[in-house]
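S.K.: Give me a 3D structure for the following:
(chains A and B)
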Amino acid sequence: MGNRINYGEVVFWAVLFLGFGIIPLLKATSYQMMLASHCLLWGLFAVAFNMLWGITGMLSFGQALYYGLGAYGVGLMVRHVGAGWFLPGLGLGLVASVILSVIVGLLIIRVSGVFFTVLTLAFGQLAWQITFRWYDFTGGDDGIQGIIAPGFLSNRIVYYYATLIVVIASIWFLRRVSRSPMGVLLRCIRQNPTRVAFVGQSVRFTQLRIYVISSFFCTLAGGLMAGVDNSIHTDMLYWTTSGEVILMSVLGGIGQFFGPFLGAGVFVVIQDVVGAKTEYWPLFIGVLMMVIVLLFPRGLVGEFQALRARLKSLTQGNRGADETASGTAKPA
Amino acid sequence: MDISFIIVQFVSGLTMATLLFLVASGLTLIFGVGNVFNFAHGSFYMLGAYLAYQTVSAWYSNFWVAAFVACLGAGIVGMLAEFLFLRRIYGRAEEGGFQILLTYSFILVIDDIVKIIWGSEYKSILRPSGLRGSAEVLGITIPTYNLAIIGFGLAVVILAWLVLTRTRPGRIARATAIDREMMATMGVNVPLTMTLVFGIATALGGFAGALAAPLRSVTPGAGIEVIIDSLIVVVIGGMGNFWGAWLGSLILGEVIAFAVVIVPEWASVVSYVVMVLVLIFKPEGLFAPRSVGKV
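M.R.: So this is what the prediction gives:
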């Protein structure tokens, strides 16, 4: 990471502020605004997810649980209490996500590696089953429709800017976490958990903390998404949602903090272009994932950095520079 | 609830347990020997079910020929998947995550290809002739086909145990599980061993799919249901442990069989409850080797 100015990061924040900021001013249609909101919220979801996998090395196949929790927190309040309870629903979802992620986290961080992944998947599917079966309370397979944010937030443009501000603030916070001493600790846990224990830090407690933080922001993304789509569905909790956020992250590059955000944007656009044309969308993303895993495991940002490093080393005749862009590179 | 009813449910639970075990044992075999977690294992089960359907209904063949075709087909696809794709990521940094992603992409691809070939409507096949009736034991009627499945399951357990413990290939497989590099040094073709193990495990999955086809309807979603149940089995039994998979399947099969009667709406949730209970009291699984919980 180092202390030098990271130009990639400057570009990222500029795109986030200016690029997404001017979209409503360009007379974008409401459909385009919805796509932009999807890019933002999936981006937040992916970045929060990647705090677990790319940074700490804990691959969760169940973050859809928290994403769905946020959406259902809002949806259930609107359905059972009243249309004006959008924001309290969001808050309730966030509180519930902290409580739930502490309880589930305590159960599942006791195992690591692939066992952790299996358990996150199982808990995610459990939540999906409950939501799916409990028809009277959650609306089951019908989902919940007609969720509209109250008051001045009901205006699409206002809601869009509110989303943008929340996403920017959240990503800024997660960036702070990732660069803090705790962020260093998280990377150490990925690379060598035994040594982390040797230097007197608690691996389990740190893992629990990042699990709760990640889940909190997944919930936030899900809750805000309910207001963008105006409807929620049990699919938001299904394991394919967890799979999609993983694919976004690898697509963008899990070795970099901002990679998943880019991956999410690219994925949303691909889905918009290809998904409308084919009914075999899962086949398409399956092949896409295969290609990325086999040929470009560093993702878009990682491969770009590797390419740049290689060009640099070619022009300078310095072979050592190859090593700077490591990420999840294959050991030579 | 009288005693004969309990016995009927018990046998139905045993049937389910046997099918689950055929899938979970393959999952655990691949994990034990190759340290690969095959998320797509349920898809091979589904592939087996469709291959059996195809052989029986389109080619009017005998059920047992169909089961053999399912076994062979799933095994070959499994070996191809290992040989063409999985093999390329062994030894890569953070291999575990990429393995999961790759096998997850297998699920998406296999499920959709199955949909393209056979469509997404429900398919069903008849029970094999000779096993369509039911047997009467102590005044209790039990379908003979269920008994046959349980018998097959037992035969496979015993056979697999014999192969793993009493034969040379079995010994090689177990040794590879412990130290791959050492086995390579001793002149064992480790990559070939891995491919074969993968083939055998997926063939078992395909066989289970074929056996299950006359009992349950064949759908493209079948693979996902079965993989989730198998995951719960290996969590309960302990990963990479043959007997753990057996015990886990028994527990889960019976729990589901009785939950279907007692809380029909929530039967699918009950299996997770079992898993959570095991997790609370014995996070590494009931039968796991001691090292699993660490790092």
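S.K.: quick one, what contacts B:V270?
M.R.: With contact set as CB atoms under 8 Å, 6 or more residues apart in numbering or on different chains, B:V270 has these partners: B:V255, B:I256, B:A259, B:V263. In short, each C-beta sits where N, CA and C put it, glycine included.
S.K.: State whether B:T141 is indeed within a strand.
M.R.: Yes. B:T141 sits within a strand when classified using DSSP: H, G, I helix; E, B strand; the rest coil.
S.K.: List the strands paired with the helix or strand of chain B with the lowest mean pLDDT, with their directions.
M.R.: Every helix and strand in chain B was compared by mean pLDDT, DSSP states H and E; the lowest is strand B:134-137, with a mean of 72. As defined by DSSP bridges, the strand partners of strand B:134-137 come to strand B:140-143 (antiparallel).
S.K.: ok, and what's touching the partner strand?
M.R.: So strand B:140-143 is contacted by B:S4, B:I7, B:V8, B:V11, B:G133, B:S134, B:A135, B:E136 (CB under 8 Å, 6+ apart).
S.K.: least confident pick among the contacts of B:V270?
M.R.: Within those, B:V263 has the lowest pLDDT, namely 83.
S.K.: ok, residue 268 - contacts?
M.R.: Unless you meant another one, I'm taking chain A. Here A:V268 is in contact with A:L35, A:H38, A:C39, A:W42 (CB under 8 Å, 6+ apart).
S.K.: wait, chain B
M.R.: A:Q129, A:R133.
S.K.: Next, give phi and psi for it.
M.R.: Note on B:S268: backbone dihedrals following degrees, to the nearest 10 are phi -70, psi -20.
S.K.: Grab the nearest non-local neighbour of A:F217.
M.R.: A:A48 (3.6 Å; CB to CB, 6 or more residues apart in numbering or on different chains).
S.K.: secondary structure element for the one you found?
M.R.: Take DSSP states H and E as the rule and A:A48 turns out to sit in helix A:30-50.
S.K.: And that helix, what does it pack against?
M.R.: helix A:20-22, helix A:156-179, helix A:203-229, helix A:239-252, helix A:259-274 (3 or more CB pairs under 8 Å, 6 or more residues apart in numbering or on different chains; DSSP states H and E).
S.K.: nearest to chain A, of the contacts of B:V270?
M.R.: B:V263 (10.4 Å; CB to the nearest CB).
S.K.: Pick out the residue of the stretch 51-200 of chain B closest to chain A.
M.R.: B:L108 (3.0 Å).
S.K.: In terms of helix, strand or coil, where does that residue fall?
M.R.: Classified using three-state DSSP, B:L108 is helix.
S.K.: So it sits against A:P282, correct?
M.R.: Yes. Using CB atoms under 8 Å, B:L108 is in contact with A:P282, at 4.4 Å.
S.K.: Looking at those two, which has the bigger crowd around it?
M.R.: B:L108 (25 against 19; other CB atoms under 10 Å in any protein chain shown).
S.K.: which intervals of chain A have sub-threshold pLDDT?
M.R.: Applying pLDDT under 70 to chain A flags the ranges A:1-5, A:317-332.
S.K.: Where does it get nearest to chain B, which residue?
M.R.: A:G286 (3.0 Å).
S.K.: Could you check how far the residue nearest to A:F217 is from A:W134?
M.R.: 26 Å (CB to CB, to the nearest Å).
S.K.: What parts of the stretch 51-200 of chain A come near chain B?
M.R.: Listed as neighbours of chain B in the stretch 51-200 of chain A under the rule CB under 8 Å from any CB of the partner chain: A:53, A:57, A:59, A:61, A:107-108, A:110-115, A:117-119, A:121-123, A:125-126, A:129-130, A:133, A:193-194.
S.K.: Which one's more surrounded, A:A48 and A:W134?
M.R.: Neighbour count, other CB under 10 Å: between A:A48 and A:W134, A:A48 has more, with 26 against 14.
S.K.: Assess the claim that the more buried one and A:V177 are in contact.
M.R.: No. With contact defined as CB under 8 Å, A:A48 does not count as touching A:V177 (10.4 Å).
S.K.: which bits of the stretch 151-295 of chain B sit near chain A?
M.R.: B:224, B:228, B:231-232, B:234-235, B:239, B:265-266, B:268-269, B:272, B:275-276, B:279-280, B:283-284, B:292-293, B:295.
S.K.: Mind checking which of these are buried?
M.R.: Neighbour-count burial (16 or more other CB atoms under 10 Å in any protein chain shown) applied to these gives B:224, B:228, B:231-232, B:234-235, B:239, B:268-269, B:272, B:275-276, B:279, B:283-284, B:292.
S.K.: Now intersect the residues you listed with the strands, please.
M.R.: Per DSSP state E, strands hold no members of those.
S.K.: residues contacting the closest residue in space to the residue of chain A closest to chain B that isn't next to it in sequence?
M.R.: Nearest non-adjacent residue to A:G286, counting by CB to CB, 6+ apart: B:L108, 3.0 Å away. When contacts are counted by CB under 8 Å, 6+ apart, B:L108 touches A:G243, A:P282, A:L283, A:I285, A:G286, A:M289.
S.K.: could you dump these to TSV with secondary structure and distance to B:H41?
M.R.: Converted to TSV, the contacts of B:L108 look like this (DSSP: H, G, I helix; E, B strand; the rest coil; distance: CB to CB, whole Å):
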residue	secondary structure	distance to B:H41
A:G243	helix	16
A:P282	helix	18
A:L283	helix	19
A:I285	helix	20
A:G286	helix	16
A:M289	helix	18
